[in-house]
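Novice: need a 3D model of the following:
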Amino acid sequence: MRSPGLWAAALAAALAVPACPLPVRAQAAEQAAEAPGVPDVPRGEATLRGRVVRAGDGGGAPGVEVVLYALPAAAAPGLRRTESGPDGRFVFEAIDHTPTTTYLVGARYLGVSYPGARVQFGAGEREREVEVRVHEVTDATAGVALRELRMRLDWVGGKLEVAEALAVANPGTRTVYLPAERRAGRAAALELGLPAGTRGLAGPLGLLPEGLETEGDALRWFGPILPGDSELDYRYEVPATEGALRLERRLPAGPVRVTVLAPQSGPTLAAPGLAEGEATVVSGRGYRVFAGELAGRLTLELEVPAARHDPGAVSLAEVRIVGELDPVTFDGREEHVIAVAGDAPVLAEGEAPLLRIPLPVGASELRFGAPESGTRLVALPGDGGLGVLGPLAPGETVVQVLYRMPVGPGPFTLARRFAARVPLLSVYLADTGNLRVESERLHRRRPARTPDRSYIHLEAFELAPGEEAKLAVFVRPARSGLSRAATVALVALVAGLAAFALAAPLRAREGAAEEAPEVESAAHVEQEALQLALADLDHDFETGKLDPADYERLGEELRGRSHALAACEAVPAPEAAPAHEGGVPAAPSARSCADCGQRAGDEDRFCARCGARLA
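Specialist: Residues are numbered from 1 along each chain as shown. I've put the predicted structure just below:
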């Protein structure tokens, strides 16, 4: 589908700028636009060649005005014109080849603007070739049909802002267009109604799309409508005071696919004939979706709440920052939990924001939104950050802000200040195992875990407006902790030590009494080793170095060994046989072991201490 959008709107505006006639093979210096205030495109060593081609027969279209519109990354847009030669070819020479400069190429043929190509030179590239296809023009409107109407409603205290897109089909091979001088008494290519009270009709870049006219509550489009599928974009406003609001408008007699997006907070909407589907998010804002096919008429019924302009009812309940650091960049995601007191939504009065969200110094690639609501956020001029305009529903609304910051040599520093009081600031930093964090205002908490990550967790309470909360992140060599293989090896070693200790009485045949204290000491050392191993295992699990299955398996084995050793230590030591005064062992009593003197029961066949066969 062809959509004019900003690209075609920019080209249409550029082609509308008056220009002086130019020779077909004009030099680059002579090709610069001569309209006051419109600079030339950036100069360089590249060349852009092309050809204007008639879509009907594929032949070149001579004498066609061609425009090159430049959008540099760090400079004002530029404009240059030329005309196609006898074979439809054209050339723009001595232009910038920087990859960050975008070029839009278009042509105006028989009074109709045609977008051609979007061009960016690659690294080291100096020449490109493009094609601009144009069509013959007709004023016969038969066959042109509206296929779909898409509406997006936004409530901005006292008014509804409505953005619409029309999907239009032209089954012919020519562009349908009626110039202004031939519209009197002629039917438009497309006509439908507008809601009563519509005001401020405009298109992309604030310009009314070419061929679009209004009369009363009627919207008429006289083209140009290119062959195939095209799209027409525009917006307008409708007054919306408190209470019931009914929007009615005429549609073509044939069935039209209608989709209406209504903000999740603000006016409630009923749309007879349309079914409510799954909610969606557009530009960071949440919307309810109603869709279906209608013919002849569209009716929307809204219940508009009271517009409350009360910034004092708005406060910050919490700010959460989740960050990930690599050697080059810091990716931050912030969630600002905004609380609204009372039982009615709050709106900004005019463009003065209800709440301001400052951004970190050096932040780039900014994205923001409130996906679960219809809250409007705007970028404030300068370094003003973001402004929250509302509507904010009673209770809590979460505003998300995403950004990226460069990481240089030395520690990375994140410093945050907020325009309002913050009862709780939580920072979660993805733990890579080699990070050390220092902060005077933020206090270390127990690590936080998700199914696949571990996070260093810090908190600060009761930040005053403008008070700074700063943390410094140092990257240190990776800790030489126990790997999974080392943990398994430790378990095997401890198991061997425990087996050795438990088997010691069976090996003892002589000097058992003197060896008993050594066995007790070895058991104590083994128990300490087991406790240290369990502590290391817990640390590795909390920092994400062990998955839950391995953690449970290894932990159970270590704890089992510990319990077994503790049980063995709890068994009372056997009493030694009494000795004579001369140091010679006394004769064993009945049912005593002849080797070690251990007393035995009447039915024992082997000594419980040394294992010798009893007499």
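
Novice: show me this structure divided up by domain.
Specialist: Domain ranges of the chain: 5-134, 145-304, 311-475, 484-570, 577-615, per automatic domain parsing.

Novice: okay if I get these as JSON lines plus mean neighbour count and mean pLDDT?
Specialist: All C-beta spots, glycine's among them, are computed from the backbone N, C-alpha and C. Output for the domains of the chain, formatted as JSON lines (neighbours: other C-beta atoms under 10 Å; pLDDT from 0 to 100):
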{"stretch": "domain 5-134", "mean neighbour count": "17", "mean pLDDT": "81"}
{"stretch": "domain 145-304", "mean neighbour count": "17", "mean pLDDT": "92"}
{"stretch": "domain 311-475", "mean neighbour count": "17", "mean pLDDT": "91"}
{"stretch": "domain 484-570", "mean neighbour count": "15", "mean pLDDT": "61"}
{"stretch": "domain 577-615", "mean neighbour count": "13", "mean pLDDT": "60"}
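
Novice: for residue 406, see how far away residue 434 is.
Specialist: According to C-beta to C-beta, to the nearest Å, residue 434 and residue 406 sit 20 Å apart.

Novice: meant to ask about residue 171, not that
Specialist: Relative to residue 406, and taking C-beta to C-beta, residue 171 is found at 53 Å.

Novice: check contacts around the residue most central in space within the chain.
Specialist: Taking C-alpha atoms, centre = their mean, the centroid of the chain lies closest to residue 402, which sits 6.7 Å from it. Neighbouring residues of residue 402 by C-beta atoms under 8 Å, 6 or more residues apart in numbering: 331, 332, 333, 334, 365, 366, 367, 368.

Novice: now the last one: closest residue in space, sequence neighbours ignored.
Specialist: If I follow you right, that is residue 368. Leaving aside its sequence neighbours, residue 368 sits nearest to residue 401 (C-beta to C-beta, 6 or more residues apart in numbering; 4.7 Å).

Novice: quickly find the element holding the one you found.
Specialist: strand 395-406 (DSSP states H and E).

Novice: what's the offset of that strand from the middle of its chain?
Specialist: Taking C-alpha atoms, centre = their mean, to the nearest Å, one finds strand 395-406 lying 10 Å from the centre of the chain it belongs to.

Novice: what does the very next helix or strand once past that strand contact?
Specialist: Using DSSP H and E, the helix or strand that directly follows strand 395-406 along the chain is strand 412-416. With contact meaning C-beta under 8 Å, 6+ apart, strand 412-416 is reached by 319, 321, 323, 325, 330, 332, 358, 360-361, 405, 425, 427, 468-473.

Novice: that older thread, show only the entries of the contacts of residue 402 found in helices.
Specialist: The members of these all map outside helices under DSSP state H.

Novice: what is the nearest of the residues you listed to residue 50?
Specialist: Ranked by distance to residue 50 (C-beta to C-beta), those are led by residue 365 at 33.1 Å.

Novice: could you pull up the contacting residues of the closest one?
Specialist: Residue 365 sits next to 402, 403, 404 when contact means C-beta under 8 Å, 6+ apart.

Novice: distance of the residue nearest to the last one when sequence neighbours are not counted relative to residue 336?
Specialist: Distances taken as C-beta to C-beta, 6+ apart place residue 365 nearest to residue 404, at 4.5 Å, with adjacent residues excluded. Distance of residue 365 to residue 336, computed by C-beta to C-beta: 18 Å.

Novice: and residue 312, that's in a strand?
Specialist: No: according to DSSP: H, G, I helix; E, B strand; the rest coil, residue 312 belongs to no strand; its state is helix.

Novice: okay, and residue 536 sits in which element?
Specialist: Assessed by DSSP H and E, residue 536 sits inside helix 512-542.

Novice: wait, residue 447
Specialist: Residue 447 belongs to strand 443-449 when assigned by DSSP H and E.

Novice: that strand pairs with which strands?
Specialist: Strand 443-449 pairs in its sheet with strand 454-463 (antiparallel), by DSSP bridges.

Novice: report the angle between the strand it pairs with and strand 412-416.
Specialist: Here the directions of strand 454-463 and strand 412-416 differ by 30 degrees (axes from the mean of the first three to the mean of the last three C-alpha atoms, to 10 degrees).

Novice: and the contacts of residue 365 as a markdown table, adding distance to residue 384?
Specialist: Listed next are those as a markdown table, based on distance: C-beta to C-beta, whole Å:
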| residue | distance to residue 384 |
| --- | --- |
| 402 | 18 |
| 403 | 15 |
| 404 | 20 |
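
Novice: all strands for the stretch 301-450 of the chain, in order.
Specialist: 314-325, 329-340, 355-357, 364-369, 376-379, 386-390, 395-406, 412-416, 422-430, 435-438, 443-449 (DSSP state E, counting those that start in this stretch).

Novice: what about dumping the CA coordinates of stretch 418-434 to CSV?
Specialist: Below are the C-alpha coordinates for stretch 418-434, written out as CSV (Å, rounded to 0.1, in the frame of the first residue of the first chain):
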residue,chain,number,x,y,z
PHE,A,418,13.8,13.9,40.1
ALA,A,419,11.5,16.9,40.0
ALA,A,420,9.2,15.5,42.7
ARG,A,421,9.7,13.6,46.0
VAL,A,422,10.5,9.9,45.6
PRO,A,423,9.5,7.7,48.5
LEU,A,424,11.4,4.7,47.2
LEU,A,425,14.1,4.4,44.5
SER,A,426,15.1,0.9,43.5
VAL,A,427,18.0,0.1,41.3
TYR,A,428,18.6,-3.4,39.8
LEU,A,429,21.9,-3.9,38.0
ALA,A,430,22.5,-7.1,36.0
ASP,A,431,25.2,-8.9,37.8
THR,A,432,28.0,-10.3,35.6
GLY,A,433,30.0,-11.5,38.6
ASN,A,434,32.7,-8.9,38.3
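
Novice: partner residues bridging residue 427?
Specialist: Under the criterion DSSP bridges, residue 427 forms beta bridges with residue 321, residue 458.

Novice: give the contact list for it.
Specialist: Residues near residue 427 by C-beta under 8 Å, 6+ apart: 320, 321, 323, 414, 442, 457, 458, 459, 471.

Novice: list just the nearest of these to residue 269.
Specialist: Nearest to residue 269 out of the contacts of residue 427 is residue 320 (C-beta to C-beta; 31.8 Å).

Novice: quick one: contacts for the closest one?
Specialist: 334, 335, 337, 426, 427, 428.

Novice: got it, and residue 456?
Specialist: 428, 429, 430, 431, 435, 437, 444, 447.

Novice: and which of the contacts of residue 365 is nearest residue 88?
Specialist: When these are compared against residue 88 (criterion: C-beta to C-beta), the nearest one is residue 404, at 45.0 Å.

Novice: hang on, that closest one packs against residue 328?
Specialist: No: in this structure residue 404 lies outside contact range of residue 328 using C-beta atoms under 8 Å: 9.8 Å.

Novice: contacting residues around the host helix or strand of residue 94?
Specialist: Element membership for residue 94, per DSSP H and E: strand 89-95. The contact list for strand 89-95 (C-beta under 8 Å, 6+ apart) reads 27-29, 31, 41-52, 60, 66, 68, 70, 80, 82-84, 103.

Novice: try 6 Å this time
Specialist: Here strand 89-95 makes contact (C-beta atoms under 6 Å, 6 or more residues apart in numbering) with 28, 41, 43-44, 46-51, 66, 68, 82, 84.

Novice: and the two most separated of the residues you listed?
Specialist: Maximum distance among the contacts of strand 89-95 (C-beta to C-beta): 23.8 Å, for 43 and 51.

Novice: which residue ranges of the stretch 151-300 of the chain form strands?
Specialist: Counting by DSSP E, counting those that start in this stretch, the stretch 151-300 of the chain has strands at residues 158-170, 175-176, 190-193, 199-202, 212-215, 218-221, 228-240, 243-250, 256-263, 268-270, 275-276, 280-282, 285-294, 297-304.
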